[in-house]
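Asker: One predicted model, sequence on top.
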Amino acid sequence: MAKGLDKHQARQQELSLFGKDLVRRCGSQCEMCGASGVPLSIYEVAPVPSEPDFDRCAMFCDSCREQIDYPKRRDNNHWRCLNGAIWSQVPIVKALAVAMLDKLAQQEAWAKDLQEQVYLEGDEQQEIDRIAAELK
Ligand SMILES: [Zn+2]
């Protein structure tokens, strides 16, 4: 148990090295829903690599983090923010947003409509598939 905790702390410490650059990148706004004036923290998008990877990290608010990880707590209306997130300049945020949209489109007509606007380039679909496979 203690070992797991140490591991967790070591990981947090490594991640905190990204903090400054992530804060700069996100401009104090949740990179998913755009909320500002709320606590943001570093979220590692699954599948999580063995070594922390800056390009797989994002700054998310608690609400987004919780709803990504716990589908039962998902408030579909919150995810109307995908309207903006699918256009994110940050590849990992965009990929996660599209993967979430694919989930929501199974339940929500607006999500289905929004799917038609998704514009993917290069090998973005590959990353989306990897994320979708991990997404609950
Ligand atoms: Zn958020």
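Answerer: Structure's in. What do you need? Quantities reported herein were computed from a predicted structural model and do not represent experimental measurements. Residues are numbered from 1 along each chain as shown.
Asker: counting contacts, what elements does the host helix or strand of residue 5 pack onto?
Answerer: Per DSSP states H and E: residue 5 is located in helix 2-16. Taking 3 or more CB pairs under 8 Å, 6 or more residues apart in numbering; DSSP states H and E as contact, the helices and strands that helix 2-16 lies on are strand 40-44. Using the backbone N, CA and C atoms, a C-beta is placed for each residue, glycine as well.
Asker: quick one: is stretch 22-35 near the ion?
Answerer: Yes - Stretch 22-35 reaches the ion (CB under 5 Å from the ion) through 30, 32, 33, 35.
Asker: Tell me which two of the residues you listed sit farthest apart.
Answerer: 32 and 35 (8.6 Å; CB to CB).
Asker: Tabulate the residues of stretch 22-35 next to the ion (JSON lines), appending distance to residue 74, pLDDT and secondary structure.
Answerer: Formatted as JSON lines, those follow (distance: CB to CB, whole Å; pLDDT from 0 to 100; DSSP: H, G, I helix; E, B strand; the rest coil):
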{"residue": "30", "distance to residue 74": "16", "pLDDT": "98", "secondary structure": "coil"}
{"residue": "32", "distance to residue 74": "13", "pLDDT": "98", "secondary structure": "coil"}
{"residue": "33", "distance to residue 74": "13", "pLDDT": "98", "secondary structure": "coil"}
{"residue": "35", "distance to residue 74": "16", "pLDDT": "98", "secondary structure": "coil"}
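Asker: neighbour-wise, which of those residues leads?
Answerer: residue 32 (28 neighbours; other CB atoms under 10 Å).
Asker: what's the first-to-last distance across stretch 68-76?
Answerer: Stretch 68-76 has its terminal residues 11 Å apart, counting by CA to CA, to the nearest Å.
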